[in-house]
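In: what's the 3D shape of this:
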Amino acid sequence: MDSLVLSLGAAVTAVVVASLAAPAAAQDAAAQRERDLAGRRAFEMNCGGCHSLALPRSQRLDQETWHAVIDDMMKKYGATWITAENRAVIAEYAVRYFGPKRPPGPEPELPPDAALQAIPPEVGVLLQANACLACHGLDKKVVGPAFAAVAERYRGDAAAAEKLFKKLRAGGAGAWGDVVMPPNAVLSDRELKEVIAWVLGVR
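Out: Coordinates of the predicted model:
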C-alpha cells in the first residue's frame, strides 16, 4: 500500500511539474519568436540595401566572426546607419540562423501586411528582394515613411522622380527625421525607376 501511495504521489508530482513547465516553455518560445522576428527585420533593413541577402544567408559563421563582420560593415564599409542596438539584434539573429548550429526549419516569416497585397507583383518582387518592406508600409510608417506619405509629399513636383532616384541610390537621413536609409546599390537603374514610378503613383 505504501508503495502504491508513493507511486501515486510521484505521478501527481510529475503532472504538476509538467503543468507548470508547459506555460513557461510556451512563454520562452513566444519570446524567442519575437526576438527572431525583430532580428530578421533588422537584418533585412540594415543589410539588404547594399548587397544581396543571399550572401550572409549562405554563411555558417560563429559568434565572434559575425560580430567582426558586422563591425567591418560599420567601420570599414560605411554602414553608419547601423545603431549599437541594431548591431546586437543583427548579430544575435545571424549567429542563430547563419551560424554553425542553426535551428531546424526555415527563418521566421515576417507577418504580412494585408495592404501590401495591392502592390503589383513585378514591383512587389523588387521591394521584397531589396528589404524595402522591412522599413516601409503601404499606408503606415514602419521604420521609414509609408509609401503613401512619400507620394503625397512629392505630388505635383515635376522633378520628384529624379530627386527620389538620387536619394534612394545614395541613402541618407534628414528628409523624414533622423532615421538613416541605407544606400541602394543592388537595384539596377531600370528597376529603381520602376519602383519610384510606382511609389509616386500610390494613393
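In: How about the contacts made by the residue positioned nearest the centre of the chain?
Out: For the chain, residue 41 is the residue whose C-alpha lies nearest the centre (CA atoms, centre = their mean; 1.4 Å). Listed by CB atoms under 8 Å, 6 or more residues apart in numbering, the contact partners of residue 41 are 110, 134. C-beta coordinates here come from the backbone N, C-alpha and C atoms, glycine included.
In: Looks to me like it is in a helix.
Out: Yes - the assignment for residue 41 (DSSP: H, G, I helix; E, B strand; the rest coil) places it in a helix.
In: quick one: residue 154 from residue 196, how far?
Out: As judged by CB to CB, to the nearest Å, residue 154 and residue 196 stand 10 Å apart.
In: More neighbours: those two, which one.
Out: Neighbour count, other CB atoms under 10 Å: between residue 154 and residue 196, residue 196 has more, with 21 against 17.
In: Who are the packing partners of the one helix or strand residue 91 maps to?
Out: Here residue 91, judged by DSSP states H and E, is contained in helix 84-97. Counting contacts by 3 or more CB pairs under 8 Å, 6 or more residues apart in numbering; DSSP states H and E, helix 84-97 is packed against helix 2-47, helix 63-75.
In: buried residues in the longest strand seen in the chain?
Out: Among the elements of the chain assigned as strand by DSSP state E, the one spanning the most residues is strand 177-181. Taking 16 or more other CB atoms under 10 Å as the basis for neighbour counts, the residues of strand 177-181 that come out buried are 179-181.
In: Identify, from the residues you listed, the entry nearest to residue 136.
Out: Using CB to CB, the shortest approach to residue 136 within these belongs to residue 181, at 9.5 Å.
In: if I look at that closest one, how far off is residue 131?
Out: In this structure, residue 181 lies at 11 Å from residue 131, with CB to CB as the measure.
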